[in-house]
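# A predicted structure for the sequence below; I have some questions about it.
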Amino acid sequence: MHDSNRELILKELISKRGHYLSGETISNRLGISRAAVAKQIKILRKQGYTISAVTNRGYCLENEPDLLDIKKLAAAGITYRQVVDSTNAECRQMAENGAPAFSTIVADEQSRGRGRLGRQWHSPPRSGLWFSILLKPISLTPAETAPITLVTAAIIAGHLNEIHHLPVTVKWPNDLLIRGKKTGGILTELKAEPDRIDYLVIGIGLNINQQHNHFPAELQGQATSLMLEGNCWFNRTDLLSELHFKLIRAYRQFLKHGFSDFHNLWLQHSSTIGKSATISWAGGTVSGKAIDLDKTGSLVLEDNQGTIHHISYGEIL
Ligand code: BT5
């Protein structure tokens, strides 16, 4: 009853966008008290609607929250959830329940979004894209799927550069940066036997419409969003549909032909190659100059003694 009243109030406000609608008019039309109207307006504000109220004039809808468009997402084959702990965890659960390859889930908010090595991923509502895609590369060994994170990063960076003119670069292996600040990250998780893959989940987090004050203190100065860097608001549903289409196409190509088709695209957008780097992985650390990415997707690093290393997993310190 309350929900439908809220929807009706919203409809009225939307139809009169930019104009004031008195509380009395609304209460008469809906047959509810003015106090009940005020209560629903309060809830709408909590949901992200900006509604101004002026004595003797009434209410005016200034701004709607950026909600993901569930119908459009469903048409693109993407499952929507308002809040989950982690879309990667949800996607793994979907895989355990027999979901087909390329199933995709997006959440408006993650309560326990995760990064690599148990780190956290800040995923507030109405601002970013937090989504996961399921792959079932049954004909590949776990090692052969390693470059999938690089393919993902290259496709996203390529799209944001070409279509949205944002100078996004890829920091090996899973960071998306704009002007040195992190605007996205990729977390690939695998369920596999030594020689056979059950499934693979690629989780993508992209900061889209956040303002500076949306980031917690520990991310200030190191995180950014597309809006902050591009000075414009992005429709998250449209951006997700575009990226989803290109990623699925790229994954199909990668599963057939391997990484070589994406090698140049990755190099074109890399901010790692040609620079000094210290790489750390479970087995140790090595410092030197990142000189190339080999055909299998490993980073080629020349250490300070001139020895060449091919590193497939790790991170730049
Ligand atoms: C990553 O980890 O960059 C992978 C992030 C993947 C997130 C997606 S969202 C959808 C899917 N579901 C999940 O649960 N996860 C995936 P890593 O390289 O470990 O970086 C984590 C570090 O990035 C943190 O320790 C922070 O320093 C920083 N960070 C956290 N949240 C951030 C944000 N929103 N923007 C920029 N930096 C952030």
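Sure thing, it's come through.

# burial count for the residue in the chain that the ligand sits nearest to?
Closest residue of the chain to the ligand, CB to the nearest ligand atom: residue 185 (2.0 Å). (Glycine included, C-beta is placed from N, CA and C.) Residues contacting residue 185 under the criterion other CB atoms under 10 Å number 23.

# near the ligand, which residues of the stretch 51-200 of the chain?
Where the stretch 51-200 of the chain comes near the ligand, counting by CB under 6 Å from any ligand atom, the residues are 86-88, 110, 113-117, 119-123, 130-132, 174, 182, 185-187.

# any idea how far residue 304 is from the residue of the chain closest to the ligand?
Going from residue 185 to residue 304 by CB to CB, to the nearest Å gives 29 Å.

# quick one on the thing from earlier: narrow the residues of the stretch 51-200 of the chain next to the ligand to those that are buried.
86-88, 110, 113-114, 121-123, 130-132, 174, 182, 185-187 (16 or more other CB atoms under 10 Å).

# mind telling me what element residue 244 is part of?
helix 236-257 (DSSP states H and E).

# that helix close to the ligand?
No - taking CB under 6 Å from any ligand atom as the criterion, helix 236-257 and the ligand are apart, separated by no less than 11.7 Å.

# quick one: the helix or strand just after that helix to chain centroid distance?
On the C-terminal side of helix 236-257, the closest following helix or strand by DSSP H and E is helix 260-269. Centroid separation for helix 260-269 versus its chain: 21 Å, with CA atoms, centre = their mean, to the nearest Å.

# shaky segments in the stretch 201-317 of the chain?
By pLDDT under 70, the stretch 201-317 of the chain contains no weakly predicted segment.

# flag every buried residue along stretch 214-224.
Buried residues in stretch 214-224 (16+ other CB under 10 Å): 214-215, 223-224.

# intersect those with the contacts of the ligand.
Among the buried residues of stretch 214-224, the ligand is touched by residue 223 when using CB under 6 Å from any ligand atom.

# how about the contacts made by residue 39?
Residues in contact with residue 39 (CB atoms under 8 Å, 6 or more residues apart in numbering): none are found.

# what ranges do the helices span in the stretch 51-200 of the chain?
Using DSSP state H, counting those that start in this stretch, the helices of the stretch 51-200 of the chain run over residues 70-75, 87-96, 148-162.

# contact partners of the second one?
Think helix 87-96. With CB under 8 Å, 6+ apart as the criterion, helix 87-96 contacts 79, 81, 84, 99, 103-107, 110, 112-114, 130-134, 136, 187, 189, 191, 198-199, 201, 203.

# show the buried residues in the residues you listed.
79, 81, 84, 99, 103-107, 110, 113-114, 130-134, 136, 187, 189, 199, 201, 203.

# in strands, which of those appear?
79, 81, 84, 104-107, 110, 130-134, 187, 189, 199, 201, 203 (DSSP state E).
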